[in-house]
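K.L.:
Curious how this folds, go ahead:
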Amino acid sequence: MGKGPRYHVPLRRRRERKTDYRKRKLMILSKSPRLAVRGSLKNMLGQVIDALPEGDRTLAAANSRELAGYGWKAPCGNVPAAYLTGLLLGLKAQSAGVKQVITDIGLRRPSSGSRVFAVVKGAIDSGLAISCGDVLPKESRIKGEHIASYARKLTEAETELYERRFSDYLTRNLKPEELPTHFEEVKSNILRSLGKEG
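P.N.:
Reported below is the predicted structural model:
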């Protein structure tokens, strides 16, 4: 432990690696709501949060587990699920009157094409104004074409490995090769249910 007259103990949330107060201060000074994206291995969570003197206020939130209500059968921790979560969150935020947000990925290191930026891409496609560099995933990854092509390779080469790797898909009666088509169906269900499509 540090000692001396100049040593100071970092704030508790900084010690616990939960909050970077320098970044948070810059976000608050921007006076825009922030799109906070957090994820685990199985789920993605997005919230649009406004910082107020009395405390943060959540304006809209979406969790990838909500996608089951729109017909989603695939696991909720992959890139297509992250995109759909961002799309759902963006539509909810707009119905709450939010038009522009800034991205808050917490203490996570930015990695181009990651699930975090798939959520951001979904929010952008919903109509939210978000300034973002060249870190968004490609359209083919968003649709899950990389998962479908890998599944097709395994069906031709190793059927046992295919059944082991894609057991989550198969128990939910979804062939991983059909993921891009399933993605488009669920996307149109979300847009239709929130009044953005015919």
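K.L.:
hey, let's count contacts and neighbours off CA atoms from now on
P.N.:
Noted.
K.L.:
which residues of this protein score low on pLDDT?
P.N.:
Residues of the chain that meet the criterion pLDDT under 70 lie in 1-2, 197-198.
K.L.:
residue boundaries of the strands in it?
P.N.:
Per DSSP state E, the chain carries strands over the ranges 34-39, 44-52, 55-63, 102-104.
K.L.:
what residues are up against the residue nearest the centre of the chain?
P.N.:
Centrality entry for the chain: nearest residue to the mean C-alpha point is Val119, 3.2 Å, by CA atoms, centre = their mean. Val119 makes contact with Val37, Gly46, Ala82, Tyr83, Leu84, Thr85, Gly86, Leu87, according to CA atoms under 8 Å, 6 or more residues apart in numbering.
K.L.:
Name only those of the residues you listed that count as buried.
P.N.:
Val37, Gly46, Ala82, Tyr83, Leu84, Thr85, Gly86, Leu87 (16 or more other CA atoms under 10 Å).
K.L.:
need those in CSV with distance to Phe183, can you?
P.N.:
Conversion of the buried ones among the contacts of Val119 to CSV gives the following (distance: CA to CA, whole Å):
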residue, distance to Phe183
Val37, 21
Gly46, 19
Ala82, 11
Tyr83, 10
Leu84, 8
Thr85, 12
Gly86, 14
Leu87, 12
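K.L.:
how about the CA coordinates for the lengthiest helix in the chain, as CSV?
P.N.:
Across the chain, the longest stretch assigned as helix under DSSP state H is helix 79-95. Written as CSV, here are the backbone C-alpha positions of helix 79-95 (Å, rounded to 0.1, in the frame of the first residue of the first chain):
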residue,chain,number,x,y,z
VAL,A,79,-23.1,-10.6,-32.6
PRO,A,80,-26.5,-10.9,-34.3
ALA,A,81,-28.2,-10.9,-30.9
ALA,A,82,-26.2,-7.8,-29.8
TYR,A,83,-27.2,-5.9,-33.0
LEU,A,84,-30.9,-6.7,-32.4
THR,A,85,-30.6,-5.6,-28.8
GLY,A,86,-29.2,-2.3,-30.0
LEU,A,87,-32.0,-1.9,-32.5
LEU,A,88,-34.6,-2.6,-29.9
LEU,A,89,-32.9,-0.2,-27.5
GLY,A,90,-32.7,2.6,-30.1
LEU,A,91,-36.4,2.3,-30.9
LYS,A,92,-37.4,2.4,-27.2
ALA,A,93,-35.1,5.4,-26.7
GLN,A,94,-36.7,7.3,-29.6
SER,A,95,-40.2,6.6,-28.2
